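**Student:** sequence and predicted structure, then a few things I'm wondering about:
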Amino acid sequence: MISALLSTERPLSRHEIRERIPGAYAESDESFRRAFERDKDELRALGLPISLERIPGTDPPLEGYQIRQSDYEADHPLLDPEEIAALHLASNLIHLQDDDIDSPFYKMGGVLGDKRSAISEIPNETLLDVCLHALIERSTIFFTYKNARREVNPIRVVFSGSNWYLIAYDKDRLDVRHFRLDRIEGEIELTLEKFTLHKEVSEISQEAPWRFGEEERLVEFKINKSHAAWALEIIGETAVHEELPDGSIILHEVVRDWEIFRSFIFSFLDAAEVMAPPESRQDIIHWLESMQ
Amino acid sequence: MTNMNTLERIKRLLSVLPWIESQNGPYIEEVSSRFDYPQKELIEDLENVVFFVGVYPFTPDCLIEVSMTEERVWVRYADWFRQPMKLNKRELASLRAAGEALIEFTGSLTGDIEELGPLERALTKLSAFEGETENLLEIKLATPTKHLLEVQGSIKDKTVIQIEYLVGSRSELSKRKIEPERIFSTGGNWYVHAYCKNSLLKKTFRVDRIKNIKILDEARETQPDDVSVSKDFFNLDEFPNAIIEISYQDKPLLDGFPNIEVEEIPDEKLKLSCPVASEAWFKHLLMVLGINAEIQEVPDGIKENIRSETARQILNIYNS
């Protein structure tokens, strides 16, 4: 069927296809129709661009199937074997979970070389595919985020830390916003509305996650000598406010998401103490007292 | 080699045919290894499937001609299969994202610059093909930490190193001799999988908790595992499991605990299966989840009252 659809110069009706692949389908029209529909769907699922078009010169108009060479044939730039091998290595080292690493490489002529184990296995996320689809098709999308309905034009999908983010232009807020995919409530709705790509892209920063949020507070906390180096590795030397004689340090940190910061503080167990502001210190004490 | 079903074989053949046609009688062994196509199936498919493929009106010049010797294969008259299938945009986006992330990572270290040449060339070609547009997909790996480069150097040069490692549960630095096998990044952190000569076990260490590294003048005792078969970085099955239930609205508290398996259960609740790698890790998790988390099962050797005891220990510093 693939060669029949590729070699034809005009769309072929279902029955013409049956004639051109003799012996492949049953004589009975009904079982032929079912088998043909199944095969067509399977080939489409493989990525074959089978189009449904009007057969020229038919009256009343009839529709037929065809694979246009221009839709089918590879047009990617020619990469030399070294370049393909390097790209293959990168795809192996940084692997998107559930992605078929090898399929694009077969299209490029296959690869010789060892498989390498990944240095980073990037987790899949349910909404990733629909976001990428919207990006590829330049479709405006709707979804619910923080209890509000958003209408956005996607700009880019970014994996950072352990989360997937959608950078998009929010059409109601008239600004670029970052949305964490796992915080989108329910489904993403694709629309037929098309947009032109927004030029300005604000970067997803690799900064600590408690630095993103609405309300800002300056937190002062103390870390014991045993954990000081580790804390500095995460927060940075600039946060040091004071070094105490026993080797412990006092740090100042701007916190915009208190809940995330509290979780971080607990990773030090009894080697960290929140000193100020009083409401933050109280919150930690209440939280711990409830568990006593 | 992978086992393929009929559809996968068709898809693979559509890539194999144009390649064979473009070569002057390639060796069957090379075709098989290049396309991960088991040799027996490849010969069978070329002889029994492709050989009968043709187009209307099925005169000899409309049939694909396949000829094979013991070692080599030729394909002719496959005009309508002269090109492989297009790379779709999703495939292009993934390729570019992986390539760009690797360049950024390697560029932030040093040493392997000479290996980047072909990768950079490939990415430049793909980017030009897409009209110099920014890629739709971007992957940012964890920022390399101070000792990552030295650990990577040890893997490359197969040295034994002594590390000072911060053990959360004892709030102290412990000295260990390790033989690093590989590094990886997950959940925003870098890890090293290594043979630990102190415990005689292969373990995973967080690179940001390594405080000091000394290269030792010793020979390695172990060989790296065959990593191409193991998918799971942490061998989570090795760890005892704790079961905790939390309400659905507390899900954001699980940020930073990527290895917990989460299952939705009735009453808007979540059931968490937690691989307990260390007591300190478990204490941290319990403190984060708070009083509303219902602890259903704790691993052997961990006290039933671990939550209240840990909360009291931390409260001590606030009351002193």
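**Tutor:** Now that the structure is in, tell me what you want to look at. Residues are numbered from 1 along each chain as shown, chains lettered A, B, ... in the order given.

**Student:** longest single strand anywhere in chain B?
**Tutor:** In chain B, assigned by DSSP state E, the strand with the most residues is strand B:172-186.

**Student:** give me the buried positions along the longest helix that chain B contains.
**Tutor:** As assigned by DSSP state H, the longest helix anywhere in chain B is helix B:89-108. Within helix B:89-108, the residues scored as buried using 16 or more other CB atoms under 10 Å in any protein chain shown are B:90-103, B:105-106. Every residue, glycine included, has its C-beta placed from N, CA and C.

**Student:** does chain A have contacts with it?
**Tutor:** Yes. Contact between helix B:89-108 and chain A, assessed by CB under 8 Å from any CB of the partner chain, occurs at B:89-95, B:97-99, B:101-102, B:105.

**Student:** which parts of the chain are helices?
**Tutor:** Because you didn't say which chain, this covers chain A. For chain A, the helices defined by DSSP H cover A:2-7, A:14-20, A:29-45, A:69-72, A:81-93, A:103-107, A:128-137, A:225-235, A:258-266, A:278-289.

**Student:** that's the other chain; I wanted chain B
**Tutor:** For chain B, applying DSSP H gives helices covering B:6-22, B:28-34, B:39-48, B:89-108, B:116-129, B:148-157, B:279-289, B:306-319.

**Student:** and those: which comes nearest residue B:222?
**Tutor:** Of all the helices of chain B, helix B:148-157 sits nearest to residue B:222, with 12.7 Å by CB to CB.

**Student:** tell me what the closest one is packed against?
**Tutor:** strand B:160-167, strand B:172-186, strand B:210-216 (3 or more CB pairs under 8 Å, 6 or more residues apart in numbering or on different chains; DSSP states H and E).

**Student:** compute the inter-axis angle for the shortest one and helix A:225-235.
**Tutor:** In other words, strand B:210-216. Between strand B:210-216 and helix A:225-235, the angle comes out at 100 degrees (axes from the mean of the first three to the mean of the last three CA atoms, to 10 degrees).

**Student:** give me the domain ranges for chain A.
**Tutor:** Following automatic domain parsing, one gets these domains for chain A: A:2-72, A:81-122, A:128-194, A:209-289.

**Student:** first-to-last residue distance for the longest one?
**Tutor:** Start and end residues of domain A:209-289 are separated by 26 Å (CA to CA, to the nearest Å).

**Student:** shaky segments in the stretch 151-292 of chain A?
**Tutor:** For the stretch 151-292 of chain A, applying pLDDT under 70 flags the ranges A:198-207, A:213-214.

**Student:** can you rerun that using 80?
**Tutor:** A:161-162, A:197-209, A:211-215, A:230, A:233 (pLDDT under 80).

**Student:** would you reformat the domains of chain A as CSV and include mean neighbour count?
**Tutor:** What follows is those, written out as CSV (neighbours: other CB atoms under 10 Å in any protein chain shown):
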stretch, mean neighbour count
domain A:2-72, 15
domain A:81-122, 20
domain A:128-194, 17
domain A:209-289, 17
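
**Student:** need those domains in JSON lines with distance to residue B:303, can you?
**Tutor:** Putting the domains of chain A into JSON lines (distance: least, CB to CB, whole Å) gives the following:
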{"stretch": "domain A:2-72", "distance to residue B:303": "54"}
{"stretch": "domain A:81-122", "distance to residue B:303": "34"}
{"stretch": "domain A:128-194", "distance to residue B:303": "30"}
{"stretch": "domain A:209-289", "distance to residue B:303": "15"}
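
**Student:** nearest to residue B:203, of those?
**Tutor:** Checking the domains of chain A against residue B:203 by CB to CB gives domain A:81-122 as the closest, at 17.0 Å.

**Student:** is chain B contacted by that closest one?
**Tutor:** Yes. Domain A:81-122 is in contact with chain B by CB under 8 Å from any CB, via A:82-87, A:89-91, A:93-96, A:99, A:102-104, A:106-112, A:114-122.

**Student:** ok, residue A:127 - contacts?
**Tutor:** For residue A:127, the contact set (CB atoms under 8 Å, 6 or more residues apart in numbering or on different chains) comprises A:164, A:181, A:184, A:188.

**Student:** neighbours around the residue nearest to residue B:310 when sequence neighbours are not counted, how many?
**Tutor:** Counting by CB to CB, 6 or more residues apart in numbering or on different chains, residue B:310 lies nearest to residue B:283, which is 4.5 Å off, once chain neighbours are set aside. Number of residues near residue B:283 (other CB atoms under 10 Å in any protein chain shown) recorded here: 24.

**Student:** ok, what's across the strand from the closest residue in space to residue B:71 that isn't next to it in sequence?
**Tutor:** In this structure, residue B:71 finds its nearest non-sequential neighbour in residue B:27, 5.5 Å apart by CB to CB, 6+ apart. With DSSP bridges applied, residue B:27 shows beta-bridge pairing to residue B:72.

**Student:** ditto for residue B:244
**Tutor:** Residue B:244 has these beta-bridge partners by DSSP bridges: residue B:272, residue B:295.

**Student:** many thanks, I have nothing further to ask.
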